[in-house]
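Asks: Please find the sequence and the predicted model below.
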Amino acid sequence: MTEDLILPFDIIAQACRETKSTVILIGGQAVGVRGYQRVTLDVDFMITETDYEKLKPAIFTAGYQEAARTNVAVKLRAESNDFLDIDFMFVEAGTFQAIEKECTAEVFQGSKFLAERFKSLCLKFGTPELYKKILHYAK
């Protein structure tokens, strides 16, 4: 099913270039950047709320609209069901900058994004043993 959906990476990358905003790819797609496949029905990014407000006009022009919004996140859904949903998780600027330092630039679907190192993400929320098991089962 996800093979038929259009990924919105070009839309986000272009909007970031135009507004000089930065996003960090997180979630299942970020794991995919590292070569570990995971089925997901959306694309997740971390962003400051200020940068999200700058990106919003370009994303809305591309056919997305807010489906749900809280003080910590927003879910965007395209008018066309052919596109994956986009989720943005809001963090404070200082938190974003600290996480950004731990990221590497990766090319994904033809666009360059920052992504947190898979190993550091696993170790932050798990144990070295869990990380080893994930690598073993992902082969």
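Replies: In hand now; what should we look at?
Asks: From here on, just use CA atoms for contacts and neighbour counts.
Replies: OK.
Asks: right, and the helix or strand after the helix or strand of the chain with the lowest mean pLDDT?
Replies: In the chain, no helix or strand scores lower on mean pLDDT, DSSP states H and E than helix 27-33, which sits at a mean of 53. Sequence-wise, the next helix or strand beyond helix 27-33 is strand 42-47, with elements assigned using DSSP states H and E.
Asks: That next one pairs with which strands, parallel or anti?
Replies: Partner strands for strand 42-47, per DSSP bridges, with pairing direction: strand 24-26 (antiparallel), strand 85-90 (parallel).
Asks: Could you dump the ones you listed into a markdown table with distance to residue 72 added?
Replies: Shown next, in a markdown table, are these (distance: least, CA to CA, whole Å):
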| stretch | distance to residue 72 |
| --- | --- |
| strand 24-26 | 15 |
| strand 85-90 | 5 |
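Asks: Would you format the ones you listed as JSON lines with mean neighbour count, distance to residue 99 and mean pLDDT included?
Replies: Conversion of those to JSON lines gives the following (neighbours: other CA atoms under 10 Å; distance: least, CA to CA, whole Å; pLDDT from 0 to 100):
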{"stretch": "strand 24-26", "mean neighbour count": "24", "distance to residue 99": "9", "mean pLDDT": "86"}
{"stretch": "strand 85-90", "mean neighbour count": "22", "distance to residue 99": "13", "mean pLDDT": "92"}
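Asks: so which of those gets nearest residue 106?
Replies: Among these, the nearest to residue 106 by CA to CA is strand 24-26 (9.4 Å).
Asks: Now tell me what touches the closest one from outside.
Replies: 43, 44, 45, 46, 47, 100, 103, 113, 114, 115, 116 (CA atoms under 8 Å, 6 or more residues apart in numbering).
Asks: same question, stretch 45-59
Replies: Judged by CA under 8 Å, 6+ apart, the contacts made with stretch 45-59 from elsewhere in the structure are 11-12, 15-16, 19, 21-27, 65, 86-93, 96.
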